[in-house]
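Engineer: Below is the structure, and that's it, no one-letter string:
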């Protein structure tokens, strides 16, 4: 199952710097009640690079148990090492998940052929559907449309793209249409652009806080309701919350609401006092 409105989950931590399982469960329950139909677990927003294997599996198992088949659960397994990504995939291969998220390899900036071979190998070594994750701002490399099309044509389980940049031209590809391939916005501020280009929905971070705004845009879009003001507001929210590295801003907001502790793991730190003032002014 591919959710139309998915949330990339944060990882709540205790004061002792362990995974706060209780807060994670409560957060998932709250989001389910708010109408979220899918979760990305152990993605960038989860501070996945700081999680041990034991913590990853604890988080995955907790979310699967809490969701209880009421929404899609996709697990981030991508790294900049194909062998390591395969290892993470195998760790969840027998779990009751809906799919695996694979990010473009970061830092080493492979060629398009290198990206193709990376994703092709991983797709052919799992029974689960694959969500490609294109986020050039973080990885330093962009997965081009031609490479996405090759993967769609040669890997039957490559079924969805999380596109975290402003280029949604892939939505107009004949290959995408022929294979019923889905495109999700990976950037809250670009949700409307994604839908306008024929995209399917979103993987949201702001959904932790402003479900009503995101759901309104998704639910109302097909009815041709004017969404200019809602889109403008969502873009402003994105600018404010992502003023510093994700998930620091969203964790600050969740902590203000008493839903989780504010803690992040090094090398991330809490948002600065100056940024807190900006967030407070906008979200009061």
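Structural biologist: All right, it came through fine. For clarity, every value in this text was computed on a predicted model and none was experimentally measured.
Engineer: Run through the neighbouring helices and strands of the worst-scoring helix or strand of the chain on mean pLDDT.
Structural biologist: Using mean pLDDT, DSSP states H and E, helix 211-221 stands out as the lowest-scoring helix or strand of the chain, at a mean of 89. Contact partners of helix 211-221 among helices and strands, from 3 or more C-beta pairs under 8 Å, 6 or more residues apart in numbering; DSSP states H and E: strand 5-8, helix 191-196, strand 201-204, helix 228-241. (Glycine included, C-beta is placed from N, CA and C.)
Engineer: what about the spatially closest residue to residue 72 that is not a sequence neighbour, neighbour count?
Structural biologist: Take residue 72 and drop its neighbours on the chain: the residue closest to it by C-beta to C-beta, 6 or more residues apart in numbering is residue 38, 3.6 Å away. Using other C-beta atoms under 10 Å as the criterion, residue 38 is surrounded by 25 other residues.
Engineer: mind listing what residue 38 touches?
Structural biologist: 1-7, 71-74, 98, 203 (C-beta atoms under 8 Å, 6 or more residues apart in numbering).
Engineer: picking that back up, buried residues in the least confident helix or strand of the chain, which are they?
Structural biologist: By neighbour count on 16 or more other C-beta atoms under 10 Å, the buried set for helix 211-221 is 211, 213, 214, 215, 217, 218, 221.
Engineer: Farthest-apart pair in the residues you listed, please.
Structural biologist: Pairwise distances across these (C-beta to C-beta) peak at 15.9 Å, for the pair 211 and 221.
Engineer: if we can go back for a sec, of all the contacts of residue 38, which comes closest to residue 261?
Structural biologist: residue 7 (18.7 Å).
Engineer: got the contact list for the residue nearest to the closest one when sequence neighbours are not counted?
Structural biologist: Closest residue to residue 7 apart from its sequence neighbours, by C-beta to C-beta, 6+ apart: residue 207 at 4.2 Å. Applying C-beta under 8 Å, 6+ apart to residue 207 gives the contacts 5, 6, 7, 31, 36, 188, 214.
Engineer: Turn the helices and strands packed on helix 211-221 into CSV, including mean pLDDT and distance to residue 90.
Structural biologist: Shown next, in CSV, are the helices and strands packed on helix 211-221 (pLDDT from 0 to 100; distance: least, C-beta to C-beta, whole Å):
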stretch, mean pLDDT, distance to residue 90
strand 5-8, 97, 23
helix 191-196, 96, 32
strand 201-204, 98, 24
helix 228-241, 94, 35
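Engineer: TSV for those, including mean neighbour count and distance to residue 267?
Structural biologist: TSV is the format used below for those (neighbours: other C-beta atoms under 10 Å; distance: least, C-beta to C-beta, whole Å):
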stretch	mean neighbour count	distance to residue 267
strand 5-8	27	20
helix 191-196	21	29
strand 201-204	28	24
helix 228-241	16	20
